[in-house]
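Student: Fold the following and give me the result.
(one chain, ligands or ions: 1)
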Amino acid sequence: MSEMKDAVEAALERVDLPDGGNLISRDMIRALRVENGVVRFVIEAPSAELARQMEPLRAIAQKATEAVPGVTSASVVLSAPTESKAPPQLKMGGHPKPQDSVMKPAGVKTILAVGSGKGGVGKSTVSANLAVALARAGKRVGLLDADIHGPSQPRMFGLTDKPASPDGKTIIPLKAHGVTVMSIGSMLAEDKAVVWRGPMLMGALQQMLMQVDWGTQDVLIVDLPPGTGDVQLSLCQKSEVAGAIVVSTPQDVALLDARKALDAFATLKTPVLGLIENMAVFTCPHCGKDSHIFGHGGVVAEAEKIGVPLLAQLPIDLDTRLGGDGGTPVAMGDGPISQAYAQLAERLIQGGIV
Ligand SMILES: Nc1ncnc2c1ncn2[C@@H]1O[C@H](COP(=O)(O)OP(=O)(O)OP(=O)(O)O)[C@@H](O)[C@H]1O
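Tutor: Numbering: from 1, shown residues only. Coordinates of the predicted model:
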C-alpha cells in the first residue's frame with residue numbers, strides 16, 4: 001500500500017504550480033490515503049481565494065493520480081486553512097504546569113473514560129460511536145483523544161483542519177457529527193511521531209483539558225491510550241472522572257490485559273461502569289453462520305465475576321471498520337450497530353451517568 005502511496009506522491013511531484021515548485025515540494029498535500037486502489041487527499045491552498053483559483057490544478061492532480069497503475073479512483077478536495085490555523089507559538093506537550101484546582105474544564109458536567117488493557121481492541125471506535133450516539137440522543141458531547149502516541153479520532157471524525165488558537169493559548173476544538181473533538185493528532189503533522197516521556201504526556205493532557213475551550217458539555221468522553229500508564233494515572237487522579245468503561249475482545253490475552261486495566265481503575269478509585277465486549281462474533285454475510293474469531297463468552301464471564309455490568313456486545317462488522325476509516329462513525333447511520341450504540345447511550349442516560 002505504501003508503494004502505491006509513493007507512486008501517487010511521485011505523480012504529484014510532476015504537477016507544477018504556476019508560481020514555481022510542485023504540489024509535493026510546496027507541501028500542499030494533506031491526508032493522503034490509499035485503500036484498495038482508492039486514493040483520497042486534500043490539496044491545501046495558502047488561502048481560500050487561491051483555493052478558488054486552483055480548480056484546474058485540482059483536476060490535473062486527480063487525472064495524474066488516476067493514471068498511476070493500480071489506482072481505481074481518486075477523490076481530490078481543495079481546502080484552505082481558516083484563520084483558525086494554530087499559530088506556531090502554540091506548543092503542545094511541555095511539562096505540566098503546577099495546578100492547584102482539579103483538572104476538569106469548567107463547563108463539563110461529567111467526564112467518562114474509555115480504556116482497554118490492550119491496543120487494537122476497538123477502544124477508539126467505541127469512544128467515537130458512543131460520543132455520536134449520545135449526541136444523537138440530545139446530549140452535548142465532547143471527545144478528548146488522549147491516545148497521544150496513536151491518536152485516531154481525527155480520522156474517525158474525518159477532521160483534517162487544525163483547531164483554532166486565535167491568541168496562541170486557547171485552543172478552539174473542532175466539531176463533527178455533533179461532537180466537539182480535540183486530539184493531539186489535529187495539532188501535529190499526521191506522519192510525525194510523538195516521542196514523549198511521562199511529564200510531556202501529562203503536559204499535553206493538561207493542555208487538552210484546560211487550554212481547550214470546551215464550552216458547555218454534558219459529558220466529555222476521554223479515549224485513553226491502551227494500558228495503564230501516565231495518562232490514565234493523571235486523568236483519574238486529577239480530573240474527577242465519573243466512571244470508566246473498559247473495552248475488550250473475548251480473547252484471553254486481551255482479557256488478561258483488561259483485568260489489569262480494571263485493577264488500575266480500582267487502585268485509582270475510579271468506578272468502572274461496565275465492560276464492553278467488542279468483536280464478539282462474526283456473522284458471515286454469505287452463509288449467515290456465526291464465527292467466534294476471538295473466542296467466546298470471555299468478557300461476559302469476567303463481567304459476572306467482578307460484578308460489573310456488561311454494557312454491550314458488539315460484533316465484528318464491516319460498516320464499523322469502514323465508518324471509522326472513512327470519517328463517519330457507524331453510529332451516524334440507522335443499522336443494527338447504530339442501534340446498539342443508541343441503546344448503550346440510552347442506558348448511560350437512564351442510569352443518570354450522563
Ligand atoms: N467491531 C468492529 N468491527 C470491525 N472492525 C472494528 C471493530 N472495532 C474496531 N474495529 C477496527 O479495528 C481497528 C482498531 O480499532 P481502534 O482503533 O478503535 O482500536 P483501539 O483499541 O483504540 O486501538 P489503539 O489503542 O491501538 O489505538 C480499526 O481499524 C477499527 O475500525
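
Student: For the rest of this, base every contact and every neighbour count on C-alpha atoms.
Tutor: Fine.

Student: Can you spell out which helices and strands pack onto the host helix or strand of Leu143?
Tutor: Using DSSP states H and E, Leu143 sits within strand 141-145. The contact analysis (3 or more Cα pairs under 8 Å, 6 or more residues apart in numbering; DSSP states H and E) places strand 141-145 against helix 123-136, strand 179-183, strand 217-223.

Student: near the ligand, anything from it?
Tutor: No - contact between strand 141-145 and the ligand is absent, the nearest approach being 9.8 Å (criterion: Cα under 6 Å from any ligand atom).

Student: which residues in this structure form helices?
Tutor: Listed in chain order, the helices of the chain (DSSP state H) span 2-13, 48-53, 55-66, 123-136, 153-156, 198-210, 230-238, 252-267, 298-306, 318-326, 336-350.

Student: which of those sits most buried?
Tutor: helix 123-136 (a mean of 26; mean count of other Cα atoms under 10 Å).

Student: interface residues of the stretch 251-354 of the chain facing the ligand?
Tutor: Applying Cα under 6 Å from any ligand atom, one finds that the stretch 251-354 of the chain approaches the ligand through 278-279, 314-318, 320-321, 324.

Student: Kindly reformat these as a markdown table and extend each row with distance to Ile148 and pLDDT.
Tutor: A markdown table is the format used below for these (distance: Cα to Cα, whole Å; pLDDT from 0 to 100):
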| residue | distance to Ile148 | pLDDT |
| --- | --- | --- |
| Asn278 | 22 | 96 |
| Met279 | 24 | 95 |
| Leu314 | 25 | 97 |
| Pro315 | 27 | 97 |
| Ile316 | 26 | 97 |
| Asp317 | 26 | 96 |
| Leu318 | 26 | 95 |
| Thr320 | 23 | 97 |
| Arg321 | 21 | 97 |
| Gly324 | 18 | 96 |
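
Student: May I see the residues you listed organised as a markdown table, with distance to Lys118 added?
Tutor: Below are those laid out as a markdown table (distance: Cα to Cα, whole Å):
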| residue | distance to Lys118 |
| --- | --- |
| Asn278 | 12 |
| Met279 | 14 |
| Leu314 | 17 |
| Pro315 | 18 |
| Ile316 | 17 |
| Asp317 | 20 |
| Leu318 | 21 |
| Thr320 | 19 |
| Arg321 | 18 |
| Gly324 | 19 |
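
Student: Pick the one among the residues you listed closest to Glu240.
Tutor: Sorting those by distance to Glu240 puts Asn278 at the head of the list, at 26.6 Å, by Cα to Cα.

Student: Now Glu277: closest residue in space that isn't a chain neighbour?
Tutor: Nearest non-adjacent residue to Glu277, counting by Cα to Cα, 6 or more residues apart in numbering: Gln313, 4.7 Å away.

Student: and the residue lying closest to Lys289 once chain neighbours are set aside, how many neighbours does it have?
Tutor: Distances taken as Cα to Cα, 6+ apart put Thr283 closest to Lys289, at 5.5 Å, once the chain neighbours are dropped. When neighbours are counted by other Cα atoms under 10 Å, Thr283 registers 14.

Student: before we move on, the earlier item: and the helices of the chain, which one's lowest on average pLDDT?
Tutor: Between those, the one with the least mean pLDDT is helix 48-53; it has a mean of 80.

Student: and the gap between the closest residue to Val231 other than its chain neighbours and Glu302?
Tutor: Closest residue to Val231 apart from its sequence neighbours, by Cα to Cα, 6+ apart: Met202 at 6.3 Å. For Met202, the distance to Glu302 (Cα to Cα, to the nearest Å) stands at 31 Å.

Student: Contact residues of the stretch 51-200 of the chain facing the ligand?
Tutor: Selection of the stretch 51-200 of the chain residues close to the ligand by Cα under 6 Å from any ligand atom yields 119-125, 150.

Student: Among those residues, which one sits closest to Thr72?
Tutor: Out of those, the member with the shortest distance to Thr72 (by Cα to Cα) is Thr125, at 27.7 Å.

Student: ok, the nearest residue to that closest one once chain neighbours are set aside - contacts?
Tutor: Distance criterion Cα to Cα, 6+ apart; nearest residue to Thr125, sequence neighbours excluded, is Gly324 at 6.6 Å. Gly324 makes contact with 125, 155-157, 330, according to Cα atoms under 8 Å, 6 or more residues apart in numbering.
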